[in-house]
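K.L.:
sequence? don't have it. structure:
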């Protein structure tokens, strides 16, 4: 059996990969991510030239999205493995937070592992038509999900898995390191606020050539940006 310390490190490693993948996707979206690769790359017995591994700008957005998705689901794998390695029979554990954390991570892992580019829910018969919840973090209602396409709305999206990963690390495995919100971090170069996939960037001056857009405010003063996004 792995030690608790090993499992904590694996959870943290998965979380770090998600953080980096999220930074890369944001940088690609803002066209600030360098896409340089070696002109020649040798590893072991193989050598490739630049054009064999290079990526175009028009390919980078999709690749960054896939990278972030993979990092998100890797956290689910790490959560499932960590709980199973440390806790006996987590599927039937008396502590609902342990049981539900394990079941949610396991079901997400199964959907991703069997078809990573188009995940499909595969819900065990004894897990169908049930609600698995870790209060204020994540909730998964399995009613009608079996054999349906995986959708982030079913469980709350990537940040719900990030929060679950941290919950398992600090509350279940009792990591003694400082929690993420307690860490001192250097200020970012750019000031972003993100809502889902909508990215807002604070700027000091209006860029040259920027076009003014006329918008209508709703009765409550909010501005409809489309796709369910509002500025209030």
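P.N.:
Okay, I see it. Everything numeric here is computed off the predicted structure, so don't read it as measured data.

K.L.:
Need the contact partners of stretch 176-196.
P.N.:
Contact partners of stretch 176-196, identified using C-beta atoms under 8 Å, 6 or more residues apart in numbering, comprise 26, 30, 157, 166, 170, 199-202, 229. Using the backbone N, CA and C atoms, a C-beta is placed for each residue, glycine as well.

K.L.:
Repeat the analysis, applying 6 Å as the threshold.
P.N.:
For stretch 176-196, the external contacting residues (C-beta atoms under 6 Å, 6 or more residues apart in numbering) are 199-202, 229.

K.L.:
where do the strands sit along the chain?
P.N.:
Taking DSSP state E to define them, one finds strands in the chain at 40-43, 46-49, 131-134, 138-141, 192-195, 198-201, 223-226, 229-231.

K.L.:
elements contacting the second one?
P.N.:
Read that as strand 46-49. Other elements packing on strand 46-49 under the criterion 3 or more C-beta pairs under 6 Å, 6 or more residues apart in numbering; DSSP states H and E are absent; no helix or strand qualifies.

K.L.:
if we can go back for a sec, now for the strands of the chain, which one comes closest to residue 111?
P.N.:
When the strands of the chain are ranked by distance to residue 111, counting by C-beta to C-beta, first place goes to strand 138-141 at 10.9 Å.

K.L.:
residues near the nearest residue in space to residue 132 that is not next to it in sequence, how many?
P.N.:
In this structure, residue 132 finds its nearest non-sequential neighbour in residue 100, 4.3 Å apart by C-beta to C-beta, 6 or more residues apart in numbering. Applying other C-beta atoms under 10 Å, we find 23 other residues in the vicinity of residue 100.

K.L.:
Could you double-check that residue 100 lies in contact with residue 130?
P.N.:
No - taking C-beta atoms under 6 Å as the definition, residue 100 is not a contact partner of residue 130, at 9.7 Å.

K.L.:
what's the closest of the contacts of stretch 176-196 to residue 69?
P.N.:
Using C-beta to C-beta, residue 199 is the member of these that sits closest to residue 69, with 17.4 Å.

K.L.:
in the lengthiest helix in the chain, what counts as buried?
P.N.:
Longest among the helix segments of the chain by residue count, using DSSP state H, is helix 57-86. Under the neighbour-count criterion of 16 or more other C-beta atoms under 10 Å, helix 57-86 has 60, 64, 67-69, 71-86 buried.

K.L.:
again with stretch 16-24
P.N.:
For stretch 16-24, a neighbour-count test (16+ other C-beta under 10 Å) marks 17-18, 21-22, 24 as buried.

K.L.:
Now tabulate these in CSV and tack on pLDDT and distance to residue 122.
P.N.:
Formatted as CSV, the entries for those read as follows, by pLDDT from 0 to 100; distance: C-beta to C-beta, whole Å:
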residue, pLDDT, distance to residue 122
17, 98, 24
18, 98, 23
21, 98, 25
22, 98, 27
24, 98, 30
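
K.L.:
Need the max-distance pair from the contacts of stretch 176-196.
P.N.:
Maximum distance among these (C-beta to C-beta): 17.1 Å, for 202 and 229.

K.L.:
With neighbour numbers in mind, choose between those two.
P.N.:
Using other C-beta under 10 Å as the criterion, residue 202 and residue 229 rank with residue 229 on top: 14 against 8.

K.L.:
how close does the more buried one get to residue 223?
P.N.:
When C-beta to C-beta, to the nearest Å is the yardstick, residue 229 and residue 223 sit 9 Å from each other.

K.L.:
What are the boundaries of the helices in the chain?
P.N.:
Taking DSSP H to define them, one finds helices in the chain at 4-29, 50-53, 57-86, 96-114, 158-167.
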